[in-house]
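Novice: The following comprises the amino acid sequence and a computationally predicted model.
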Amino acid sequence: MTDEELQQLVERLSLTAFHRSFDHQATFNSRLQTTGGRYLLTTHNIEINPRMTAAGQSALAGIIKHELCHYHLHLTGKEYMHRDHDFKSLLTQVGGWRYAPAQERIPKYIYVCCQCGAQILRQRRMDPRRYVCARCGGRIALATKKR
């Protein structure tokens, strides 16, 4: 999906779910790691995590509706934050998602116990000389490094 297709999808969802137009930019931002999307208060633009397209069309629509709730409430001067009553009620009314679906995390480092063979999957690098296996207390060694 391209940025132009995303823009059209956001405009269409805004008209069908909120009965209001979306007059700003909607783009993909590959730097988003832990969130499905974000609404920028200063520019009123919406950024979506491109990995959310793999979760399916309904998940992407739910995330876009979530960001559009922030957008429309902020522009109308109502409470637009996650904890506010206006936001929660509008989100349930339009069927937006409260949380983004969990992303599959592929480990960068795989460590193996030299004694029992247990695998330890890690995102961040660790010094295997400082740690031992939780199962048997054996020595740990780096098996593979991905990426």
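Specialist: Yes, it's here. Numbering: from 1, shown residues only.
Novice: Excluding residues flanking it in the chain, which one is nearest His24?
Specialist: Of all residues beyond its chain neighbours, the one nearest His24 is His44 (4.5 Å), with distances taken as CB to CB, 6 or more residues apart in numbering. For the C-beta atoms, the positions are set from N, CA and C on the backbone; glycine is no exception.
Novice: again but with Arg139, I slipped
Specialist: Spatially, and ignoring its direct neighbours in sequence, Arg139 is nearest to Cys114 (4.6 Å; CB to CB, 6+ apart).
Novice: For the one you found, report the pLDDT, please.
Specialist: pLDDT recorded at Cys114 is 95.
Novice: Measure how buried it is and give me the count.
Specialist: Residues lying near Cys114 (other CB atoms under 10 Å) number 14.
Novice: One more: Phe28?
Specialist: Number of residues near Phe28 (other CB under 10 Å) recorded here: 17.
Novice: go on, Arg129?
Specialist: Other residues within reach of Arg129, judged by other CB under 10 Å, total 9.
Novice: Grab the longest helix from the chain for me.
Specialist: Determined from DSSP state H, the single longest helix within the chain is helix 57-75.
Novice: now the helix or strand that that one is followed by against helix 57-75, angle please.
Specialist: Counting by DSSP states H and E, the next helix or strand C-terminal to helix 57-75 is helix 85-94. Relative orientation of helix 85-94 versus helix 57-75 (axes from the mean of the first three to the mean of the last three CA atoms, to 10 degrees): 140 degrees.
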